[in-house]
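# For reference, the sequence and a predicted model appear below.
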Amino acid sequence: MAAVPWMVSSIRNWLYIGLCATVPRTLFLLVILTCFYIPESPRWLISVGRIDEAKEVIKRVAKINGTLDKLKNEELDASLKRQMENRSQTPTAYSPFKGMMTLLSKPRIAINSFLLAFAL
């Protein structure tokens, strides 16, 4: 909102001003609508224990890629079972909320957080 007067004073054509005002909103709407179409990552689904959904996503991707005939259910089940076993053997330090200090816990994360905070 604060940038609109500068945009209007520099463009000075009502058609382009209208386009500049509506295109970002339209793109944002398209991004929101595609969130419902794009499936979750199979790796993430496996990590939270939703194996059946991960299998369906993998089959859907194989169908789109034209490799569904090469995908065997037994191999897919064995692979997903191995992934689940690996997940259960590796300890994860997952916590849904660790706090703001997590952003400053490592130098690289702190630099990225600082840059993102002031770049936007």
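The structure has been received and is ready for your questions.
# C20: what's it in contact with?
Residues near C20 by CB atoms under 8 Å, 6 or more residues apart in numbering: 7, 11. All C-beta spots, glycine's among them, are computed from the backbone N, C-alpha and C.
# how about L103, what does it touch?
The neighbours of L103, taking CB under 8 Å, 6+ apart as the test, are 109-110, 113.
# Relative to N112, how far out is it?
Relative to N112, L103 is positioned 8 Å away (CB to CB, to the nearest Å).
# same question, L33
29 Å.
# Those two: which has the busier surroundings?
Using other CB atoms under 10 Å, the more surrounded residue of L33 and N112 is N112, with 12 against 9.
# Give me the pLDDT for that one.
You'll see N112 listed with a pLDDT of 89.
# which residues of this structure fall in helices?
4-11, 14-35, 42-47, 51-65, 73-89, 107-119 (DSSP state H).
# looking at those, which is buried most?
helix 42-47 (a mean of 16; mean count of other CB atoms under 10 Å).
# Please state the offset of that helix from the chain centre?
13 Å (CA atoms, centre = their mean, to the nearest Å).
# pLDDT averaged over it - what is it?
85.
# For that helix, which outside residues touch it?
51, 53-54, 57-58, 80, 83-84, 87.
# ok, now how distant is Y16 from V8?
10 Å.
# need the contact list for N73.
Counted by CB under 8 Å, 6+ apart, N73 has zero contacts.
# That'll do, ta.
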